[in-house]
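> predicted structure and sequence below. I'll ask about it afterward.
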Number of protein chains: 2
Amino acid sequence: MPTARRTAAVTLHDVAREAGVSLATASRALNGSARTVNDEYRQRVLAAANKLNYTTNLSAQAVAKGSTTSVALLVGDIADPYFSSIAAGVIKGSEDAGLIVTMSVTERSSQRELELVRALRGQRPRVIILAGSRSSDEEHQAELARELEAFEANGGRVVFVSQHELPFDTVRIDNYGGARALADALVGLGYTRFAAISGEAALLTATDRLAGFTDGLAAHGIRIPDEHVVTGGFTRDGGFDGALELVDRGLDGVELIFAVNDVMAIGAMSGLRSRGIEPGRDIAIAGFDDIQTVRDVTPALTTVGIPLFEVGESALAVALRARDADAERDLSVATSVVLRASTPGLPAS
Amino acid sequence: MPTARRTAAVTLHDVAREAGVSLATASRALNGSARTVNDEYRQRVLAAANKLNYTTNLSAQAVAKGSTTSVALLVGDIADPYFSSIAAGVIKGSEDAGLIVTMSVTERSSQRELELVRALRGQRPRVIILAGSRSSDEEHQAELARELEAFEANGGRVVFVSQHELPFDTVRIDNYGGARALADALVGLGYTRFAAISGEAALLTATDRLAGFTDGLAAHGIRIPDEHVVTGGFTRDGGFDGALELVDRGLDGVELIFAVNDVMAIGAMSGLRSRGIEPGRDIAIAGFDDIQTVRDVTPALTTVGIPLFEVGESALAVALRARDADAERDLSVATSVVLRASTPGLPAS
DNA sequence: TTGAAAGCGTTACCAC
DNA sequence: GTGGTAACGCTTTCAA
């Protein structure tokens, strides 16, 4: 049973005393870099630390060294597979580098994002990674940039995932190109009449994908009529509602619905079904991201793959690499079209 | 463009000087609790802090106060919706309480879990929340308990999610009861011949659920033959493979497959399909957890619902409540059977 | 209410 | 190599 009495945590001081060496030596033996300490002493210190169940006080260490071992990660919504996959990559990379990751969620609000970055600076993390920011909100962008610049000026590193409007390192996801390639492949399958479910206009990810898709179609002389483009939340429910709205507006002739991300596409499939329209048979559907579950929905979803886990790992790698003046600030990860049963080939007409 | 020159971070000292007050006053104005500082001074300090873009160095504050504002969360796999939903709850609760959450993943290894707890102690978090531990591995359990007790002895709080073998506060999920209720409901639907896909024997969550299920059936005089119980990883692929193995062993007569969690159940559905068996039509299937996506797979999955987000919030609430000697250490969250299309009612025979 | 100064647990510089 | 000791940035007595 855990002791009720609260004992003081054992400090390096205690360890040093126990081992019969100086504070300095104990410090060197436990955390000091090079082997500058006599092996016998080292052993004694290690033994004492172990005996006393000592653990370095990271805060104190941070104050003394002037730097921490933490990475701050900002995501829009951790329960969204897009973000949790990226987070998994960031965490993996961090643990390999001996870093601790702290995580906050912006709830996709740039207001909240700004507040969090401000608060996070107090943590003095080595790195701040912003995933799924990409708001085009002018006012907050400027404030955010100021905050982030101050952070970098003090030696911190900033990495964005996906966005490209602020002058910081970014792991860029080729949303435009991926969507464009998807459009191309779909036309190749014989589709000619499309509808789309997009996200709020302020979300760059959504607008880039939609732009890529429409441009891809345009290259084949195809246009999506305005009334066949709806906008909704970047979530499953957003997709569900978007599909309903599309149905209400009239889907006459539409052969395929493109949702700007998989979660929305999956929601859209359920939305269509709720109206008696069977995805993959009555209408084709495609998404973006290639999250795990798209393989298990019926029909399996056509989408654009992004190596999400690697994106997370790369973000950390970028942050940790030498801060080279003329290093390329952007790292691009490739996307790839994955055709599945939700977009069966159309018979040549 | 971010400055290349690295400037020293602004300290409380700078703020005090700028405001023309003492260090102590600046500290009190910025972080001190009660209003013990003259309003004019307070304003001046606030203005100075704002002007200099100051943020409190949390590490230094932690050293001085002897306590941090962080919560350490351990999960098995952040990309798993079960954990990410709980994490979302923990994060929400923490942010409301002004706490920062740091997150680590154990990869479902109790070895790794132990290492992480050791490392985490250095952080001196206010709280350590262990979600999805529940290993019955004797050796690690003892070591883990020792580590956690030391942590509590120094004033930290420990909360487990779901487990119940160690003497710490826990938000208990009624895995046994939920599975039992599920079995009951299924029998009520007319099912009599079952198979199950479980997790490794060391995973208490898996064994509890299986036990509840079999006991629930037993109450109706039904037994699952040993050859119809397979074991696999606690993941989508584990479910997929489990289904294949079941098929290979011979599914003759089996009407319903129970997978001990939704992710596995969804994998199992795909596994069955890959063998030409249509879930919901040729065979029924049920899972556990009621994660978001079970609504969107076809057929929608019958499962046992757990308020995952609330579980996360509760875990934090439990950790933050007064450390009352005779407070009930366990908080139980209810589960609820949710019948969906994957288990259609059977015609009375 | 305010300021001086003594910590908090580490690290790092500087002699020895 | 090793030990003393001044930082690190903050909070919190303790007097004034």
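All right, it came through fine. Residues are numbered from 1 along each chain as shown, chains lettered A, B, ... in the order given.

> what about stretch A:283-303, near chain B?
Yes. Using C-beta under 8 Å from any C-beta of the partner chain, we find that stretch A:283-303 touches chain B at A:292, A:293, A:295, A:296, A:297, A:298. Yep, even glycine has a C-beta here, placed from its N, CA and C like the rest.

> what subset of those is buried?
A:292, A:293, A:295, A:296, A:297, A:298 (16 or more other C-beta atoms under 10 Å in any protein chain shown).

> so which of the residues you listed are in helices?
Judged by DSSP state H, helices contain none of these.

> wait, which of the residues of stretch A:283-303 next to chain B is closest to residue A:337?
residue A:295 (15.2 Å; C-beta to C-beta).

> shaky segments in the stretch 1-150 of chain A?
For the stretch 1-150 of chain A, applying pLDDT under 70 flags the ranges A:1-5, A:33-35, A:134.

> can you give me the helices in it?
Listed in chain order, the helices found in the stretch 1-150 of chain A under DSSP state H, counting those that start in this stretch are A:12-19, A:23-30, A:39-52, A:58-65, A:81-96, A:110-121, A:138-153.

> out of the ones you listed, which one sits most buried?
helix A:81-96 (a mean of 24; mean count of other C-beta atoms under 10 Å in any protein chain shown).

> tell me what it is packed against?
strand A:70-75, strand A:100-105, strand A:127-131, helix A:262-274, helix A:308-320, helix B:81-96, strand B:100-105 (3 or more C-beta pairs under 8 Å, 6 or more residues apart in numbering or on different chains; DSSP states H and E).

> ok, residues contacting that helix?
Residues from elsewhere that reach helix A:81-96, judged by C-beta atoms under 8 Å, 6 or more residues apart in numbering or on different chains: A:71, A:73, A:75-78, A:100-101, A:103, A:129, A:131-132, A:161, A:261-263, A:289, A:291-293, A:308-317, B:77-79, B:81, B:84, B:103-105.

> go again with 7 Å.
A:71, A:73, A:75-78, A:100-101, A:103, A:129, A:131-132, A:161, A:261, A:263, A:289, A:291-293, A:308-313, A:315-317, B:78-79, B:84, B:103-105 (C-beta atoms under 7 Å, 6 or more residues apart in numbering or on different chains).

> not counting sequence-adjacent ones, nearest residue to residue A:271?
Nearest-residue entry for residue A:271: residue A:243, 3.2 Å, with adjacent residues in sequence omitted and distances by C-beta to C-beta, 6 or more residues apart in numbering or on different chains.

> residues in contact with the one you found?
By C-beta under 7 Å, 6+ apart, the neighbours of residue A:243 are A:197, A:257, A:268, A:271, A:272.

> and those, which is closest to residue B:321?
Nearest to residue B:321 among the contacts of residue A:243, with distances taken as C-beta to C-beta, is residue A:271, at 41.7 Å.

> residue A:240 is in contact with that closest one, correct?
Yes. Counting by C-beta atoms under 7 Å, residue A:240 is a contact partner of residue A:271 at 4.0 Å.

> what about the closest residue to DNA strand D within the stretch 151-300 of chain A, how many residues nearby?
Nearest residue of the stretch 151-300 of chain A to DNA strand D, counting by C-beta to the nearest atom of the strand: residue A:154, 9.6 Å away. By the criterion of other C-beta atoms under 10 Å in any protein chain shown, residue A:154 has 17 neighbours.

> endpoints of stretch A:115-126, how far apart?
18 Å (C-alpha to C-alpha, to the nearest Å).

> hmm, that stretch touching chain B?
Yes. Legend: contact between stretch A:115-126 and chain B by C-beta under 7 Å from any C-beta of the partner chain is shown at A:118, A:121, A:122, A:123, A:124.

> residue A:137 and residue A:235, how far apart?
Using C-beta to C-beta, to the nearest Å, residue A:137 is found at 19 Å from residue A:235.

> hmm, back to that, export the residues of stretch A:283-303 next to chain B as CSV, with columns for pLDDT and distance to residue A:89.
Below are the residues of stretch A:283-303 next to chain B laid out as CSV (pLDDT from 0 to 100; distance: C-beta to C-beta, whole Å):
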residue, pLDDT, distance to residue A:89
A:292, 93, 14
A:293, 95, 18
A:295, 96, 19
A:296, 97, 22
A:297, 97, 24
A:298, 95, 28
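
> residue contacts, the residue in the stretch 101-250 of chain A that DNA strand D sits nearest to?
Residue of the stretch 101-250 of chain A nearest DNA strand D, by C-beta to the nearest atom of the strand: residue A:122 (8.0 Å). The contact partners of residue A:122, by C-beta under 7 Å, 6+ apart, come to B:55, B:56, B:57, B:58.

> tell me, how many residues neighbour the spatially closest residue to residue A:286 that is not a sequence neighbour?
Excluding the flanking residues, the one nearest residue A:286 by C-beta to C-beta, 6+ apart is residue A:302, at 4.4 Å. Look at residue A:302: counted by other C-beta under 10 Å, it has 28 neighbours.
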